[in-house]
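Student: below is the sequence, then the predicted model.
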Amino acid sequence: MSPHDDTVLVKATLLSGATVGIPAEERPGWLRQAIESTENHHGNSWIFLRLGPTSRVRLTVTENAPRFTIRRLTPTEGCVSVFETATGTPVAHDLTVEKALVHCPRQLFLGRYEHCGSGCLFCPLSYRSDAVAYTIDEMMADISRYEGEGLDAIGITTGVPSGMTSEDVGRSLAAVVREISSRTHHSIPIGVSSKHPSALVLRMLRDAGAVEARLNIEMFNRDLARRVMPNKHLDDILRSIDDACRMFGRGKVSSNMLVGLGETDDDLLSGIAELARLGAIATLYPFDPLPRRWQERLVTAAGRHVGIPSAERLVRLAVEHSRILRNHGLNAKTLVTMCPGCAASHIMPGRDLDTEYC
């Protein structure tokens, strides 16, 4: 990490606090619009703050004992400062508020199926009973709406509804990708995310126009994985990631790993290294707390501490993450879609952290 750049320290501090309050008198129309435009499965209001040329952070807006408070100290539209709520200590000044398009800034993050039968206890989709399908026409309406607002990428993700297989869903995604790619004249990079598609389906997705794949391993601890994602198996996911790296190329496949479910640093670093060996880039995603009625089930199953990781842990892991990627000849800058392309919810080497200093 560069000794003269503390952006990553500010971001880690904000991520470890996760929540922010905004007094009513500090909410002009442009700020309310930025908050209300967010869309996510947790049902929260989010705000995205630009920290630097390639770095941003996402915070959950709440009125219930927020860790941080946002204030507008200058008349400049779009700029805010962040303070510790309890002490009034300044954390960062003159941060630019970014408007989300769908789910995040400068990208449409579209969900094909808004329900999943996989039963992962940390995922809001597992708790939804309505198998809503986001149609191609609805997706194209969003694309048409936002094309003139700095749209850089499209990410298409999905649950696997009960009654469908991962292969069924993968084939459905391929049809969606083909239609969107054709209508946009291949001008916007498209990334796809699914459970653990076969090599055949991955080839279909690539040939349809997808340029990146995100296949989430979630954790690299088999005992913990068995308890909190009982219907997903690490070997199946790793096999699919290996196939995806062969199909899309090294450095064009990503995989989320959760931080804060009771895993150790060694679990995470071993997982990062295994993914890098295959050619995939991990995203260390701090755990997003669930509503209490759901969180209790997760805590019972995990059987250990569940919570948002500390800033110190996030920085320590980010530095090691960067070192591992460099040792395997990988650079996260090669990824332009989905979680790595946004990088608001995690510390990403190459975006928040300059790898040459690690």
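Tutor: Cool, got the structure. Numbers count the residues shown, from 1 in each chain.
Student: just the helices in this structure please.
Tutor: Counting by DSSP state H, one finds helices in the chain at the ranges 7-17, 29-36, 136-146, 166-183, 199-208, 222-228, 234-248, 265-278, 292-302, 311-327, 338-342.
Student: roughly how far is the longest one from the heart of the chain?
Tutor: If you compare the mean C-alpha spot of helix 166-183 with that of the full chain, they lie 21 Å apart, counting by Cα atoms, centre = their mean, to the nearest Å.
Student: tell me what angle that helix forms with helix 234-248.
Tutor: Put simply, helix 166-183 runs at 30 degrees to helix 234-248, going by axes from the mean of the first three to the mean of the last three Cα atoms, to 10 degrees.
Student: where in the protein is pLDDT low?
Tutor: In the prediction, the chain carries residues with pLDDT under 70 at positions 1-5, 39-43, 129-131, 354-358.
Student: can you give the domain ranges for it?
Tutor: 7-98, 103-357 (automatic domain parsing).
Student: ok, Leu110 - contacts?
Tutor: The neighbours of Leu110, taking Cβ atoms under 8 Å, 6 or more residues apart in numbering as the test, are 102, 134, 139, 142, 154-157. Where C-beta positions appear, they are placed from N, C-alpha and C, glycine not excepted.
Student: Gln295 contacts Phe287, doesn't it?
Tutor: No. Between Gln295 and Phe287 there is no contact under Cβ atoms under 8 Å: 10.0 Å.
Student: farthest-apart pair in the contacts of Leu110, please.
Tutor: Of all pairs drawn from the contacts of Leu110, the greatest distance, 14.1 Å, lies between Asp142 and Thr157 (Cβ to Cβ).
Student: let me know the outermost residue of the chain.
Tutor: Pro75 (31.9 Å; Cα atoms, centre = their mean).
Student: got phi/psi on that residue?
Tutor: phi -80, psi 0 (degrees, to the nearest 10).
Student: do the same with Lys252
Tutor: Dihedral angles for Lys252 - degrees, to the nearest 10 - are phi -120, psi 10.
Student: try Gly350
Tutor: phi 90, psi -20.
Student: quick one, what contacts it?
Tutor: Here Gly350 is in contact with 54, 322, 325, 331-333 (Cβ under 8 Å, 6+ apart).
Student: hmm, try it at 10 Å
Tutor: 54, 281, 322, 325-326, 330-335, 340, 343 (Cβ atoms under 10 Å, 6 or more residues apart in numbering).
Student: drop anything exposed from these.
Tutor: Burial by neighbour count, 16 or more other Cβ atoms under 10 Å: within the contacts of Gly350 this picks out 281, 322, 325-326, 330, 332, 334-335, 340, 343.
Student: so which pair among the residues you listed is furthest apart in space?
Tutor: Maximum distance among the buried ones among the contacts of Gly350 (Cβ to Cβ): 17.6 Å, for Arg326 and Ala343.
Student: any shared contact partners between Gln295 and Phe287?
Tutor: By Cβ under 10 Å, 6+ apart, the residues touching both Gln295 and Phe287 are 122, 306-307.
Student: out of those residues, which end up buried?
Tutor: 122, 306.
Student: can you pull out the strands in the stretch 51-200 of the chain?
Tutor: With strands called from DSSP state E, counting those that start in this stretch, the stretch 51-200 of the chain shows them at 56-61, 68-71, 79-84, 90-98, 103-104, 107-111, 153-157, 190-193.
Student: rewinding a little: mind putting the buried ones among the contacts of Gly350 in TSV, distance to Ala208 included?
Tutor: Formatted as TSV, these follow (distance: Cβ to Cβ, whole Å):
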residue	distance to Ala208
Ile281	22
Ser322	33
Leu325	28
Arg326	33
Leu330	25
Ala332	25
Thr334	21
Leu335	19
Pro340	21
Ala343	26
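Student: okay then, goodbye and thanks.
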